[in-house]
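> no sequence for this one, just the structure:
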């Protein structure tokens, strides 16, 4: 199965109204890694084991100074393979040691995961950074992803947020999922 002709991700093709932030750029390369923020100091940009099963992929992204927003959609041959992708993402988060972890020079980093209840299954992850004396530090990343049928939708944001903004940022990501999930019915056996 492929992404249907004319099917668009949020903000696809929109220009930027800020000269320091790029337009929303769309790419369709199967080998593009998921834009997962750093999880317990792991290197970004590595393909997950399940990525080889993709049949189609699209990404819409914008970047700027200390800012990154991404929407990604991957399609798999079956819902079972998409379920495996969600499992691999959960396993990556669970592999992070619990509690605060050293994050030089800032102090500590923390990764938290929650289910959002959207789509067939979904999760929301917040990575935050704290100073050595326990104060919120600048940095971190957040993502939310959902599976509907044989497709996975991911939205991320990263930049100079502080942990004080986590709830607001995570609510925004969850709303992005909620707004997009109804369009994903095309990736179910029943259709729309």
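Great, that's in hand. The model shown is predicted, which means the values in this text are computed figures rather than measured ones.
> so where's this structure uncertain?
Residue ranges of the chain with pLDDT under 70: 37-47, 97-106, 109, 139-140, 160-168.
> would you list every one of the strands in it?
Ranges of strands within the chain are 25-27, 56-64, 67-75, 101-103, 107-114, 121-131, 141-148, 151-159, based on DSSP state E.
> next up, phi/psi of the residue of the chain positioned farthest from its centre, please.
Within the chain, residue 133 marks the point farthest from the mean C-alpha position, 29.6 Å out by CA atoms, centre = their mean. Main-chain dihedrals, residue 133, degrees, to the nearest 10: phi -100, psi 20.
> now it: how far from residue 108?
10 Å (CB to CB, to the nearest Å). Just so you know, the C-beta spots here come from the backbone N, C-alpha and C atoms, and that holds for glycine as well.
> and the nearest residue to residue 172 once chain neighbours are set aside, bridged to which residues?
Spatial nearest neighbour of residue 172, excluding adjacent residues (CB to CB, 6 or more residues apart in numbering): residue 157 at 7.4 Å. Taking DSSP bridges as the rule, residue 157 bridges to residue 69, residue 142.
> contacts only, for residue 3.
Contacts for residue 3 (CB atoms under 8 Å, 6 or more residues apart in numbering) come out as 56, 58, 73, 75.
> now it, what are its backbone angles?
Main-chain dihedrals, residue 3, degrees, to the nearest 10: phi -70, psi 130.
> ok, now how distant is it from residue 74?
Counting by CB to CB, the gap from residue 3 to residue 74 is 9 Å.
> now list whatever residues contact both of these two.
By CB under 8 Å, 6+ apart, residue 3 and residue 74 have these common neighbours: residue 56.
> roughly how far does residue 2 sit from residue 87?
Residue 2 is 23 Å from residue 87, where distance means CB to CB.
> between these two, tell me which one has more neighbours.
The neighbour count for residue 2 versus residue 87, taken as other CB atoms under 10 Å, is higher for residue 87 (12 against 9).
> quick one: residue 66 and residue 21 touch, right?
No. Contact between residue 66 and residue 21 fails when scored by CB atoms under 8 Å: they sit 10.6 Å apart.
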